[in-house]
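Asks: based on what follows, work out the 3D shape:
(one chain, ligands or ions: 2)
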Amino acid sequence: MDDERGIAPLAGLSGIGKSFGGVPALKEVDFTVRRGEVHALLGENGAGKSTLMKILSGELGDYRGEIRIEGEQVKFTRPLDARRAGIAMIHQELDLVPALSVAENVFLGREPRTRFGTVDRGRMLRETAALLARIGVGIDAGREVGRLRTGERQVVTIARALGLDARVLIMDEPTSALSSREVGQLFDVIGELRSRGAGIVYISHRMQEIGRVADRATVLRNGEVVAEFDARAMTAEQASTAMVGRPMGQLFRAEGGSSSGGGDVLVVEDLAVVRRRPRPGRREPAGISLRVGKGEIVGLAGLLGAGRTELLETLYGLAAGAPMRGRIVLDGVEVKPRGPRQAMKLGIAFVPEDRRTEGLALDHSVVANTVLSVVGKIAKAGVVSAAAERRVAGKTVDRLGVKLRSLTDPAGSLSGGNQQKIVLGRGLTTEPSLLLLDEPTRGVDVGAKAEIYRLLGETAARGVGILLASSEPAELVGVCDRVVVLHGGRSVRELDTAEAGEAELLAATMSEGLGETL
Ligand SMILES: Nc1ncnc2c1ncn2[C@@H]1O[C@H](COP(=O)(O)OP(=O)(O)OP(=O)(O)O)[C@@H](O)[C@H]1O
Ligand SMILES: [Mg+2]
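Replies: Numbering: from 1, shown residues only. Ligands and ions are numbered 1, 2, ... in the order given. Now for the predicted structure:
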């Protein structure tokens, strides 16, 4: 396993095997992390990426095979063992304590002490602020994590891992909720770590990132290594073909520019939420105008904190009670959504960004999660038969290609991307007239992305208006008819994707963002 120069890698895993309930998740996997390299780990949802890295980070102690750290065999049985060996992991699912502050989360379990033995809060706050500054995101280190948006939480988990100063840093989808500016900053930090000799494992479903950041790439399929690439020379097609096991074809739907002659599903005019006491860390709508035609897919672009999620939440009635300015017109009628129940009645469906806290009941079965919002529709005389539920759930699962063993498995046992598909499938089964999507493909693999885009195209073709917030420029340009750029809670530009490409969208998003820091 040593490299050309006979130097043992920072970490070497060989013959790793792992099963869950008798079902193999990893079979005989070899994987190395060398000094000063970024090693991308690729694979479809459920391929075994997180499982492999949880073994290296000491979270799953029960596995077959061997781990060597700088040539020396080790057996980690808990995360602390791995941390002591210089291994840190940024988790795909944001494992923060919501009730604690940003700084308390960053230093959890290793709080600095004053000479009197008490926790040194001042130092914690200062060092946390410095870590956050490295990623270039202004989050108050004293703020409660439960009040942060998904993207901000992601930044906090990154800061926490950076604070551990690890030799091997595992990043399991660190950028899935970050937009271009933050991704750029993170890549600068990764470059710095690499030049200081750290080894980084980088997991992402955003193919464009791999070529930019990684040196090597290993592809897992069904728990086995199927390919290894020089990441700089690898094309997105090669990677996705290896991941899926067959050539992928077109990722985005071919037919752009759908009908806008069918009238508007949604018109938003100068919408603003005016709270007497603003919610800390939230960017309420402060002057947003846009329209979504029947059968149209309209994108929402913007940097972290631009107010995309808050706009969707407001349209879904989650700002209920707060005084509003401007108008929301749905199918020609002015509405004031006063809560999700009413929004649903009006024909609005919402797929939220954070599947773990808002989207899924993790302990409940896949069936229960899939039918959650359609129960009213499939009930006969108020009674929902288990068979009808299973039929609806089975159809959704098939359509989206969700990888699972049984429909009765708890949603929490699915891989991250498969959980996302369940949340999305549920939004689609309600047959809304307006579908609000917040980062619908976050953590979803290329094959499933293509499937989701196809489904969105089909849904739009049935006349549904879709408003899609995304931080992936390629997705916005590839999927949407028009893209509205938000900045500071305002709509500042609109681009027609028939004319404008990714570069233009990036420029529009970034230049508006620069205005904020100048
Ligand atoms: N705690 C668990 N209990 C049961 N099965 C599990 C558990 N954790 C993972 N699995 C299964 O192991 C397989 C690999 O999952 P893993 O989370 O490693 O996939 P992944 O490659 O990280 O996917 P994703 O891209 O969706 O994050 C999946 O089939 C998953 O359902
Ligand atoms: Mg994973």
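
Asks: how is the protein partitioned into domains?
Replies: Listed by automatic domain parsing, the domain ranges of the chain are 11-244, 264-347+433-517, 364-431.

Asks: neighbours of the residue of the chain found nearest ligand 2, just the number please.
Replies: Using CB to the ion, the closest approach of the chain to ligand 2 is made by Ser50 at 3.1 Å. Glycine gets a C-beta too; all of them are placed from N, C-alpha and C. By other CB atoms under 10 Å, the residues close to Ser50 number 25.

Asks: helix/strand/coil for it?
Replies: Classification of Ser50 by DSSP: H, G, I helix; E, B strand; the rest coil places it in helix.

Asks: need the next SSE after the helix or strand of the chain with the lowest mean pLDDT, C-terminal direction.
Replies: When each helix and strand of the chain is scored by mean pLDDT, DSSP states H and E, helix 375-378 comes last, with a mean of 52. Moving toward the C-terminus from helix 375-378, the next helix or strand (DSSP states H and E) is helix 386-400.

Asks: tell me which residues of that following helix come out buried.
Replies: By 16 or more other CB atoms under 10 Å, the buried positions in helix 386-400 come out as 388-390, 392-393, 396-397, 399-400.

Asks: cool, stretch 52-62 as well?
Replies: 52-60.

Asks: and these, which of them are in helices?
Replies: 52-56 (DSSP state H).

Asks: tell me the contacts of the spatially most distant residue from the centre of the chain?
Replies: Distance to the chain centre peaks in the chain at Phe116, reaching 42.0 Å (criterion: CA atoms, centre = their mean). With contact set as CB atoms under 8 Å, 6 or more residues apart in numbering, Phe116 has no partners.

Asks: distance of it from Thr497?
Replies: 60 Å (CB to CB, to the nearest Å).

Asks: ok so, going back, nearest to Asp354, out of the domains of the chain?
Replies: Among the domains of the chain, domain 11-244 comes nearest to Asp354, with 4.9 Å by CB to CB.

Asks: quick one: distance of the closest one to the chain centre.
Replies: 14 Å (CA atoms, centre = their mean, to the nearest Å).

Asks: wait, does it contact ligand 1?
Replies: Yes. Contact of domain 11-244 with ligand 1 (CB under 6 Å from any ligand atom) involves 20, 25, 43, 45-51, 92.

Asks: are any of those buried, and which?
Replies: By neighbour count, with 16+ other CB under 10 Å, the residues of domain 11-244 next to ligand 1 hold 25, 43, 45-51, 92 as buried.

Asks: these into CSV, with extra columns for pLDDT?
Replies: Converted to CSV, those look like this (pLDDT from 0 to 100):
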residue, pLDDT
Ala25, 95
Gly43, 94
Asn45, 89
Gly46, 90
Ala47, 94
Gly48, 95
Lys49, 96
Ser50, 95
Thr51, 96
Gln92, 84
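
Asks: just for the stretch 151-300 of the chain, where's the confidence low?
Replies: In the predicted model of the stretch 151-300 of the chain, residues 253-261 satisfy pLDDT under 70.

Asks: and the helices in it?
Replies: Listed in chain order, the helices of the stretch 151-300 of the chain (DSSP state H, counting those that start in this stretch) span 180-195, 207-213, 236-244.

Asks: send the alpha carbons of stretch 124-135 over as PDB?
Replies: Presented in PDB, the C-alpha positions along stretch 124-135 are these (Å, rounded to 0.1, in the frame of the first residue of the first chain):
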ATOM      1  CA  MET A 124     -13.900  30.000  22.500                       C
ATOM      2  CA  LEU A 125     -15.700  33.000  20.900                       C
ATOM      3  CA  ARG A 126     -12.500  34.500  19.500                       C
ATOM      4  CA  GLU A 127     -11.200  31.200  18.100                       C
ATOM      5  CA  THR A 128     -14.500  30.300  16.600                       C
ATOM      6  CA  ALA A 129     -14.800  33.700  14.900                       C
ATOM      7  CA  ALA A 130     -11.300  33.200  13.500                       C
ATOM      8  CA  LEU A 131     -12.300  29.800  12.100                       C
ATOM      9  CA  LEU A 132     -15.400  31.100  10.600                       C
ATOM     10  CA  ALA A 133     -13.400  34.000   9.000                       C
ATOM     11  CA  ARG A 134     -11.200  31.400   7.300                       C
ATOM     12  CA  ILE A 135     -14.300  30.200   5.400                       C
END
